[in-house]
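Participant: Okay, predicted coordinates and the sequence, questions at the end:
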Amino acid sequence: MLRQDSNDDTEDVSLFDADDEMSRRPKRSKIKHPIASFFHLFFRVSAIIVYLLCELFSNSYIACMVTIILLLSCDFWAVKNVTGRLMVGLRWWNQVDDDGKSHWVFEARKAQGKKATSEAESRIFWLGLIACPLLWVIFAFSALFSFKVKWLAIVIMGVALQGANLYGYIRCKVGSRKNLTSVATSYLGRQLLRQTVAKEDQAVS
């Protein structure tokens, strides 16, 4: 079953629900979608490697730029349309209604039985989704401060495409009515309550 989250109808889901679910269900560490997991990292990591090493193997800026843009575009499409849905049960897109108004839609599939997402796949998904945009941000500052203006356009595209997927999936997971501060505060409160109860149980026993 899918939970739909748009600008008009939103249901909040905590980014840290996986920790609570682990205490209620057995761990699922098996990778159920190895091909999707591979391509989730392949295109984005390849784009970073080409950016770092292209000047060592080619003097053609155009060839390097086209290769990186193709890899970034393939990564954006694959993560947005395939890997997010298979690996973590999330998807987002934009749709236009009959009145011509644009709506952003964010959905999250509720874990049910065998359809529950794999813990290992979830870690791979979020690690790749968060780490790579951060690297592109670092590359942006590096290109700016080293006056490599010709690379700045490529780096900005990397930040924009991978940052868009990161933002979209965080919206899918968290929901639009909660900001990350309130989610983190709620999570820390639950963890503190759990530790307090555990200490009381140990003292009684």
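Facilitator: Nice, thanks for sending it over.
Participant: following the lowest-mean-pLDDT helix or strand in the chain, which helix or strand comes up?
Facilitator: Least confident helix or strand, the chain: helix 17-22 with a mean of 44, by mean pLDDT, DSSP states H and E. For helix 17-22, the following helix or strand on the C-terminal side (DSSP states H and E) is helix 34-57.
Participant: Who are the packing partners of that next one?
Facilitator: The helices and strands touching helix 34-57, judged by 3 or more C-beta pairs under 8 Å, 6 or more residues apart in numbering; DSSP states H and E, are helix 61-78, helix 84-87, helix 119-145, helix 149-174. Bear in mind the C-beta positions are built from the backbone N, C-alpha and C, glycine included.
Participant: so how far is Arg91 from Ile154?
Facilitator: Note on Ile154: its distance to Arg91, by C-beta to C-beta, to the nearest Å, is 28 Å.
Participant: er, Glu121 I mean
Facilitator: Distance from Glu121 to Arg91, by C-beta to C-beta: 15 Å.
Participant: higher neighbour count, the two?
Facilitator: Glu121 (23 against 20; other C-beta atoms under 10 Å).
Participant: what sits against the closest residue to the more buried one other than its chain neighbours?
Facilitator: Here the nearest residue to Glu121 in space, its sequence neighbours aside, is Met87; by C-beta to C-beta, 6 or more residues apart in numbering that works out to 4.4 Å. Counting by C-beta atoms under 8 Å, 6 or more residues apart in numbering, Met87 touches His33, Ala36, Ser37, His40, Thr117, Ser118, Glu121, Ser122, Ile124, Phe125.
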